[in-house]
Structures are given as C-alpha cells and as structure tokens.
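Engineer: I'll drop the sequence and a predicted model, then ask my questions.
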Amino acid sequence: MAPTSLYPRNTVKKIVKAHADDRPLSKNVDILIFLNYELFLMELVKEASIASKQSGERGITARSVRKVRENCLRKFKG
Amino acid sequence: MSDSARKKQRTTTRNSEAPENLRQLAGVIPKPSTPFRRASSAGLTPGSRRTPTVTIRTPGTAARTPRGGPGGRPAAARRTALTTPHAIRALRERSARTPGHVRRRSGRIQRETPRDALRQLSRVLKPNPRQIRVSPEPTPRNAALDLPDVEDGPDLVAPRLSMPLGDMYDDDDSFHEAPPRQSLLPDIPDDADTGTMHSLEFGRRALSEDPRRMFTSRVSERFADLNELGVDGDEFEIDGTFINRRATVDVEQLFDDAVDDALDDTTTEIRALTGRRDGHASDINLGVFGESDEPDEPTFRFVIPPRIQPQPQEQAPPDEEESAEEQHEDETMNRDVEMDDQPELEASDEDAPGGLELEGWESDHEEGGDADLQAYRGEVSAVDRSLLQQIPEPQTGPKKRAGRRRKEIQENKFGHLYPSFPEATVKRLATSFAKSQGTKAKISKDTLAALMQATDWYFQQVGEDLAAYSQHGGRRIIEERDVVTLMKRYV
C-alpha cells in the first residue's frame, strides 16, 4: 500500500471525461473532483454509520450504505 | 554477637570484675536472642551504662536489616522499644520513604469519598436487598417489549413483509412504484384479443418503460428504479427466452399468465402465476424468496453463457450493441414502437437510457456481491439491465464480471470506455472516514461493493453535471470554476 499514490489521478480523469461526453478537463479539475468525492464519501460513511446505529447494527453495513447513498448523491448533485 | 558484647564489656568493666560479668552476661546473653523481651530485661542486667547497648543493639540490627523479616512484627517491636530520638527519627524517615505509606494514605482518601459514606449509610438504612427482587420482574417485560419496539413497534406482520421486500429491491419505494404496470394492465385487456403477443409485450413494456423514464434523468436518481429494472429486466430476459420456448410450447399459458399479471400488480403474484417467471423474478428480486426458484434459473443461465463466452468484455462494445439491437429488434417484433425507439433514442439525446443501463448494470455487479446474492444472481440482474438494450450483453455479463474484479473497463451511455475506480482507494478512504466517525472501521466486502456502486454513480453524476455546466458556459473544456459551481450547489 505504501507505494500507492494518494488517488488514481488518471483514472479519475478518464472516468469523469467519459461521463462528461468526452469533454476535456482543464488542469486541476480532477483534483477538485476528487476532493469533492472525498467529501461525498465522508458524508456517505457518516450517514451510513448513523443509519446502521439506528437500525442497531454495528459498524457500517452494506445495507446502511444502500439506504443512505441516494440522499447523499442528491446532496452532491449539481 | 556475644563476642562483640563481651569485648565491649571488657573494655568498659574492670579486669577483676570481668569473670563475674562474663558469667552474668553468659546467663543473660542467651535471652537477648529474643529481641523484645531482652529490651525490658536488659535494663535489669548489670547496672553498667552498657546494658542499654543490648536493647539498642537489637533495634539497631533491626534497623540495619529492616527488609529482612516480615515488616509487621519488627515494626511493632521497635515502636514499643525505641526510645532514642535518633532511632525514632530513622523510623520516621523509613516510613516516609516507603511508598506503601503513601499508598495507604491515598487509599484512605479514596475510601473516604462521599460515595462510600452514602453507601454505608444506605446499607445501614436498608440492610435488606429486597429491591433486587423487584428489578427482575420488570426485566422480563423489558426484554419482551424491547424486541418488538426495536424492530417494529406497531405491527409485527407488516414490517416483516416489508423487510424482505426491501432486501429484494434494495429500496421499498421502488417496489411500490409498480403503477407503470397498472397502466400497462389496462392496455393488456384491450390487446387481449391478440393474446400471446400482448402478454409478452406487457411484461417487456412495463419493464422497458419504467427504465426509460428513469433513464431520462440520471442513474443516481433512480437507484431504486435500477434495482427494479434489474427485476424487470429479468422478466424480460425470461420473456425473451420464454418467448422462444413458449412459442414452441404453449401460447395459451402465456395468455393466461398475461391475464393474471393484469390482475395482479405485485411481482410476487406474477411469480406464483408463472412458474418460470417466478424463478427469474425470485432470483432477481428476492434474496429470501429466490432460493426455491433458484434451481430453475441455473438452467437458463447455463444455456445463455455459452453464447456469451466467445465474446470477451474487451470486444468492441459498439459491435455488441449493434448485434444486440438487431437481435432485440427481431425478438421485439411484437413489442411496441417504444422498443424500436430505443436505438433511436440512444443515438439522440436520450441515449442516456442506454448508457445508464450499462452503468447500472456495472453497478449491479458490485451490488450483487454486496447483497449476498449469489454470483449467478448478480449476473442475472446484470443481464436484465443489459437486456433493455441488448439481449447478448447479459450473456457477456458474467465473464465481464470476472474481468472487472481485476481491472474493469466500463462503457457509459456515450460509448466511451473508462476504467473503474479502484476499490483500494475507496476502502482506504472509507476506513479512515469511519475511524474519524468513531464507528467500527472494519469495512466488509459487501459494504465496499455498495460504496463502489455509490462511487460509480457519483462520478457519473459529477461528470454529467460538469458537462452541463461547461456547456452552459459555452465551453468545451471542463474548468475549475465548473467544479466550484458544482460544489457550491451542495445542499
């Protein structure tokens, strides 16, 4: 794990570019996008942990994630 | 000891008197072996100044070897015996040095906390612990009550039913969105005259229509719908396979099934009506219900996979789509114009549905692993979604699945290929976030799969949003301000 980079920059670029109908990304956009993704994931994990606690489960379960992710995605919708 | 005492006696006493003193000392000395008694009796021994030396000597020796014997006895003896200020001071110093002394004090302080006082007071006031007996009575009540309260307070039966349904679809709401079927149902009776054709169309339409509506917008918005689509897609596939079978076997049964479907909105009822459909639906929809139907499913899949195998994932997606479309058209001869429209729509702005389906399918793969669904079940869901566009793709699904786990290349609605976001990064981030949340940082495989699906949806959503922003700005390039604008939209 040590040698792995902080995040796969090229992968993020490719993914976003593909979803954006092949529009090119300017210089540092992918970094901002990844930061935004981190915020999203943080939100997702937070909400999932809350949901799992409410349902009496321990830790984060797939079920709680599925329950919460829709609302989280809505929050980050443009 | 005795020798040293004699020498001292000699030095102090005269030589003539020495023998007498020695004798007396000889008689006395054996006694001094026991220190405490000696102290008092020593004073009685010859009146010379040196007699006290015996008493002093015993404590002195004790002082020299304080650690040797058990601390309690010598200490008590010293306290009684010690008279000299030096010895007393030494004793004090020693006691001050020993950490045990301090410990005792601290312990004393702790003991003296008001709480203890209260406790003692309570013991004095109510020596009898009868209250404990009272507590056990309520506990059984609590245990009984807690279970219903935690799970579902109001209704035991209803919640249980809802729970399995939720598992099936991943979202309860989506399940209730069945109305599209209802709308189809009225059509069926009208078309009922033509019989089997309509029955087949009915199932396909309902499934296809829902996803299209859903797909017009983003995949992320219709998570539940995607799940449903997966279910519907299964029916589709099944129908497609069934169509061949049914056409050869029984048209009347199909007609009957269609009628039954029209009557019943719920998928479960449909399953009950048609055994084959039941198997598929159960596989797709329910983790719980599906098991009984599972045996049937494998047969279907086994038939399909051989076709798929020759086609690797990496094969040009457009070719697959074309072939799929062709097949789709052939099979959907009976289908409504809508089905025909799909390819057109794909070409046009509404291509999104096709792309969305693909993405959804990809996401489904991961979800399948999450949902405890068996690998083949996940395959089915993927097949279903792919069916919306193409029949052959579902077949390729299982192989793609295996490929994805290594390094998957996905295709979106625009036909662009893109790599999947690495799981390791997601897991690392999620673990760190979970730790910061204070919850159990362990992330299971299922959870990771759910997170991965959310990640895919997120990037799709972000990509589409950014494209819209940049287009609105009259640009082709996505710039930082687009992202900033997107982030400012955070609710």
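Structural biologist: Looks like it came in fine.
Engineer: avg pLDDT for stretch A:7-24?
Structural biologist: Averaging pLDDT along stretch A:7-24 yields 86.
Engineer: Now tell me what touches that stretch from outside.
Structural biologist: Taking contacts as C-beta atoms under 8 Å, 6 or more residues apart in numbering or on different chains, the residues outside stretch A:7-24 that touch it are A:25, A:29-31, A:33-34, A:37, B:412, B:414, B:416-422, B:425, B:459-460, B:462-464, B:466-467, B:470, B:476-478. In this view, the C-beta of every residue, glycine as well, is placed from N, C-alpha and C.
Engineer: And it, what's buried?
Structural biologist: Buried residues in stretch A:7-24, counted by 16 or more other C-beta atoms under 10 Å in any protein chain shown: A:7-8, A:11-21, A:23.
Engineer: So which of the contacts of stretch A:7-24 belong to strands?
Structural biologist: B:Leu417, B:Tyr418, B:Pro419 (DSSP state E).
Engineer: and the gap between the nearest residue in space to the second one that is not next to it in sequence and A:Thr11?
Structural biologist: With C-beta to C-beta, 6 or more residues apart in numbering or on different chains as the criterion, B:Tyr418 has its nearest non-adjacent residue at 3.5 Å, and that residue is A:Ala18. The spacing between A:Ala18 and A:Thr11, counted by C-beta to C-beta, to the nearest Å, is 11 Å.
Engineer: Widest-spaced pair of the buried residues of stretch A:7-24?
Structural biologist: A:Tyr7 and A:Asp21 (23.2 Å; C-beta to C-beta).
Engineer: and stretch A:39-46, does that touch chain B?
Structural biologist: Yes: looking at stretch A:39-46 against chain B by C-beta under 8 Å from any C-beta of the partner chain, the contacts come from A:Leu39, A:Phe40, A:Leu41, A:Met42, A:Leu44, A:Val45, A:Lys46.
Engineer: Would you mind listing the buried residues in the helix or strand where the second one lies?
Structural biologist: Under the criterion DSSP states H and E, the helix or strand holding A:Phe40 is helix A:29-54. Residues of helix A:29-54 classed as buried by neighbour count (16+ other C-beta under 10 Å): A:29-34, A:36-37, A:40-49, A:51-52.
Engineer: One more: stretch B:478-486?
Structural biologist: Neighbour count says stretch B:478-486 has B:Ile478, B:Glu479, B:Asp482, B:Val483, B:Thr485, B:Leu486 buried, by 16+ other C-beta under 10 Å.
Engineer: cool, and stretch A:57-72?
Structural biologist: Applying 16+ other C-beta under 10 Å to stretch A:57-72 flags A:59-70, A:72 as buried.
Engineer: The closest residue to B:His416 other than its chain neighbours is in what secondary structure piece?
Structural biologist: In space, not counting the residues next to it along the chain, B:His416 is nearest to A:Ala18; the distance is 3.8 Å by C-beta to C-beta, 6+ apart. Using DSSP H and E, A:Ala18 sits in helix A:9-19.
Engineer: which residues touch the residue of chain B found nearest chain A?
Structural biologist: Using C-beta to the nearest C-beta, B:Gly463 is the residue of chain B that sits closest to chain A, at 2.5 Å. When contacts are counted by C-beta under 8 Å, 6+ apart, B:Gly463 touches A:Ile15, A:Val16, A:Lys17, A:Ala18, A:His19, A:Ala20.
Engineer: Could you save those as JSON lines and add columns showing distance to B:Asn21?
Structural biologist: Below are these laid out as JSON lines (distance: C-beta to C-beta, whole Å):
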{"residue": "A:Ile15", "distance to B:Asn21": "109"}
{"residue": "A:Val16", "distance to B:Asn21": "111"}
{"residue": "A:Lys17", "distance to B:Asn21": "114"}
{"residue": "A:Ala18", "distance to B:Asn21": "115"}
{"residue": "A:His19", "distance to B:Asn21": "114"}
{"residue": "A:Ala20", "distance to B:Asn21": "116"}
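Engineer: Quickly name whichever of the residues you listed is closest to chain B.
Structural biologist: A:His19 (2.5 Å).
Engineer: coming back round to it: quick one: the helix holding A:Ala18 to helix A:29-54, angle?
Structural biologist: 90 degrees (axes from the mean of the first three to the mean of the last three C-alpha atoms, to 10 degrees).
Engineer: to the chain's geometric centre, what's the distance from helix A:9-19?
Structural biologist: Here helix A:9-19 is found 14 Å from its chain centre; the criterion is C-alpha atoms, centre = their mean, to the nearest Å.
Engineer: filter the ones in strands among the contacts of stretch A:7-24 to the buried ones?
Structural biologist: Of these, these count as buried by 16+ other C-beta under 10 Å: B:Tyr418, B:Pro419.
Engineer: Adding distance to B:Pro114 and pLDDT, write the ones in strands among the contacts of stretch A:7-24 out as a markdown table.
Structural biologist: Formatted as a markdown table, these follow (distance: C-beta to C-beta, whole Å; pLDDT from 0 to 100):
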| residue | distance to B:Pro114 | pLDDT |
| --- | --- | --- |
| B:Leu417 | 73 | 81 |
| B:Tyr418 | 68 | 83 |
| B:Pro419 | 66 | 85 |
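Engineer: and the ones in strands among the contacts of stretch A:7-24 as JSON lines, adding distance to B:Gln120?
Structural biologist: Formatted as JSON lines, the ones in strands among the contacts of stretch A:7-24 follow (distance: C-beta to C-beta, whole Å):
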{"residue": "B:Leu417", "distance to B:Gln120": "78"}
{"residue": "B:Tyr418", "distance to B:Gln120": "74"}
{"residue": "B:Pro419", "distance to B:Gln120": "72"}
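Engineer: quick one: which of the ones in strands among the contacts of stretch A:7-24 is nearest B:Thr439?
Structural biologist: Of the ones in strands among the contacts of stretch A:7-24, the one sitting nearest to B:Thr439 (C-beta to C-beta) turns out to be B:Pro419, at 30.2 Å.
Engineer: any weak-confidence spans in the stretch 101-250 of chain B?
Structural biologist: B:101-112, B:129-250 (pLDDT under 70).
Engineer: So which bits of the longest helix belonging to chain B are buried?
Structural biologist: Secondary structure of chain B per DSSP state H: the longest helix is helix B:445-472. Under the neighbour-count criterion of 16+ other C-beta under 10 Å, helix B:445-472 has B:446-467, B:469-470 buried.
Engineer: Report the inter-axis angle for it versus helix A:9-19.
Structural biologist: Using the same axes, to 10 degrees: helix B:445-472 against helix A:9-19 is 60 degrees.
Engineer: Now do helix B:445-472, average pLDDT.
Structural biologist: So the average pLDDT for helix B:445-472 ends up being 89.
Engineer: Outside of the helix or strand following that helix itself, which residues are in contact with it?
Structural biologist: Once the chain leaves helix B:445-472, the next helix or strand it forms, by DSSP H and E, is helix B:480-488. Contact partners of helix B:480-488, identified using C-beta under 8 Å, 6+ apart, comprise A:26-29, A:32-33, A:36, A:39, A:76, A:78, B:462, B:465-466, B:469-470, B:473.
Engineer: if we go to 6 Å?
Structural biologist: A:Val29, A:Leu32, A:Ile33, A:Asn36, A:Gly78, B:Asp465, B:Leu466, B:Tyr469, B:Ser470 (C-beta atoms under 6 Å, 6 or more residues apart in numbering or on different chains).
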